[in-house]
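Visitor: Following is a predicted model, sequence given first.
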Amino acid sequence: MPILKLTQRVQKSGLTVKIASNVLDDLKRYADYTNAGTNEIVQQALAYVFEKDAEFQKWKEHQTTPAPLVRSKSSGTPTSKPVVVPTGKLQPGTDIAS
């Protein structure tokens, strides 16, 4: 039985990330195992971590400004460039890391 509850539907924004190949492989396998999309799995996994991290929750309570913009790794400057995450269930051989 999967640990994550993968039934919640909410409005979403996009984000592109690079992850280790072995983590991507496991994400694809978990998507197959749960019959869920990779976006939903990442969403629920991050929500779980944020909820369980007591220090983050305490820190977040004292924040008075909106969440920062996504920062470019290369320049460190905020970017308004749209980010894209593949949607739906991955098929074997699908590469989302490129």
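Guide: Structure's in. What do you need?
Visitor: Distance check, residue 69 against residue 12.
Guide: 17 Å (CB to CB, to the nearest Å). Where you see a C-beta, it was placed from the backbone N, CA and C, and this is true even at glycine.
Visitor: that's a strand at residue 2, yeah?
Guide: No. Secondary structure assignment (DSSP: H, G, I helix; E, B strand; the rest coil) places residue 2 in coil, not in a strand.
Visitor: Number of residues surrounding it?
Guide: By the criterion of other CB atoms under 10 Å, residue 2 has 12 neighbours.
Visitor: how close does it get to residue 27?
Guide: From residue 2 to residue 27 the distance is 13 Å (CB to CB).
Visitor: do residue 12 as well
Guide: Distance from residue 12 to residue 27, by CB to CB: 17 Å.
Visitor: Pick out whichever of those two has more residues nearby.
Guide: A count of neighbours by other CB under 10 Å puts residue 27 above the other of residue 12 and residue 27, at 17 against 11.
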